[in-house]
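>>> Give me a 3D structure for the following:
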Amino acid sequence: MFERCIGLAWCAGCRIYSGDMVHVPRKRVLADALVSLPADERDRLLRKEGALVDYLDRR
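Residues are numbered from 1 along each chain as shown. Sure thing, here's the model as predicted:
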């Protein structure tokens with residue numbers, strides 16, 4: 001029925017995020033915020049947490 005996922009909450013003001021285990025229905029499709037990026041840019045962001053957070057913060 002459900003999948004366990006890590007849910008992140010981000011505060012752009014203080015630049016702090018927190019995470020928790022969340023349950024998502026198996027039929028729900030999760031949006032990929034990086035899907036529109038070229039493969040090399042996506043790989044670069046996934047290797048550097050700070051760059052990933054900065055990218056997501058600008059969206």
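
>>> what ranges do the helices span in this structure?
Secondary structure of the chain by DSSP state H: the helices cover 39-47, 49-58.

>>> Now do the first one: everything it contacts.
Around helix 39-47, the neighbours that count as contacts under Cβ atoms under 8 Å, 6 or more residues apart in numbering are 34, 37, 51-52, 55. Every C-beta, even on glycine, is put in place using the N, C-alpha and C of the backbone.

>>> Out of these, which is nearest to G7?
Nearest to G7, judged by Cβ to Cβ, of the contacts of helix 39-47 is L52 at 16.0 Å.

>>> What pLDDT does the model give the residue of the chain most remote from its centre?
Farthest-out residue of the chain from its mean C-alpha position, per Cα atoms, centre = their mean: M1, at 22.6 Å. pLDDT for M1: 83.

>>> Next one: it relative to D20, how far apart?
19 Å (Cβ to Cβ, to the nearest Å).

>>> same check, this time on R44
When R44 is compared with D20 (using Cβ to Cβ), they lie 27 Å apart.

>>> try V29
Per Cβ to Cβ, V29 is found 21 Å from D20.

>>> Mind checking which of the two has more residues around it?
D20 (9 against 6; other Cβ atoms under 10 Å).

>>> Now the more buried one: closest residue in space, sequence neighbours ignored.
Leaving out its chain neighbours, the residue that sits closest to D20 by Cβ to Cβ, 6 or more residues apart in numbering is G7, at 5.4 Å.

>>> isn't the one you found right next to V22, touching?
Yes - between G7 and V22 there is a contact under Cβ atoms under 8 Å: 3.8 Å.
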